[in-house]
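Novice: Return a 3D structure for these sequence lines:
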Amino acid sequence: MKTIYLAGGCFWGAEKYLAYIPGVAKTEAGYANGRTANPSYEDVCRKDTGHAETVKVDYDSAVISLSSLLELFYLAIDPTTLNRQGHDNGTQYRTGVYYSAGEDRPVIEASLAALQREYRDPVVVEALPLQNYYTAEEYHQKYLDKNPGGYCHIGSRTFAKLRERLASGAVSD
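Specialist: Numbering: from 1, shown residues only. Predicted structure coming up:
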């Protein structure tokens, strides 16, 4: 198993989306790369802690490579908007790829370079070493499974695009 930390706006939808990907063994909502220890959701939303809502992703690299996982992740975000995804605004909703294994850095940088070639506007997805990560409160874990009608900035078309991409085998390695 390998681990990568992905920030893609509100972690409720990002966690649901990422858990759907074959090879992803476990997802967990949390807060990453902020300035305070053990923040609460209220702290992150209201106290300028610098944390990003992030999903810790444990994946089986024999089933899906990091580059393929990132390719699928990028389908669920707007990589050209800074500190906003869907209707959510603020630095906690920024997009990012945070890594704890140094060998992941060149893979991430190559994937972002490939992504940039698809856009005229600059891609603003952070690619940084993981400085810190704190698990979010229990009620945030698998939130959309517990609350199927809950808010999700990732629309049904994006989930359909993911299913189509997976079914066609059009994920590159």
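
Novice: Now the lowest-mean-pLDDT helix or strand in the chain: buried residues?
Specialist: The weakest-scoring helix or strand in the chain, judged by mean pLDDT, DSSP states H and E, is helix 156-168 (a mean of 90). Under the neighbour-count criterion of 16 or more other C-beta atoms under 10 Å, helix 156-168 has 158, 159, 162, 165 buried. C-beta coordinates here come from the backbone N, C-alpha and C atoms, glycine included.

Novice: So the residue lying closest to the first one once chain neighbours are set aside versus residue 109, what's the distance?
Specialist: The shortest distance from residue 158 to any residue that is not its chain neighbour, by C-beta to C-beta, 6 or more residues apart in numbering, is 5.4 Å, and that residue is residue 76. When C-beta to C-beta, to the nearest Å is applied, the distance between residue 76 and residue 109 equals 20 Å.

Novice: Neighbour count: these two, which is higher?
Specialist: residue 76 (24 against 12; other C-beta atoms under 10 Å).

Novice: Okay, strands next: where are they in this structure?
Specialist: 2-8, 24-32, 52-59, 84-85, 88-89, 95-99, 126-129, 133-135 (DSSP state E).

Novice: Tabulate those (a markdown table), appending distance to residue 42 and mean neighbour count.
Specialist: Converted to a markdown table, these look like this (distance: least, C-beta to C-beta, whole Å; neighbours: other C-beta atoms under 10 Å):
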| stretch | distance to residue 42 | mean neighbour count |
| --- | --- | --- |
| strand 2-8 | 19 | 24 |
| strand 24-32 | 12 | 21 |
| strand 52-59 | 13 | 24 |
| strand 84-85 | 20 | 20 |
| strand 88-89 | 16 | 14 |
| strand 95-99 | 22 | 23 |
| strand 126-129 | 23 | 15 |
| strand 133-135 | 13 | 16 |
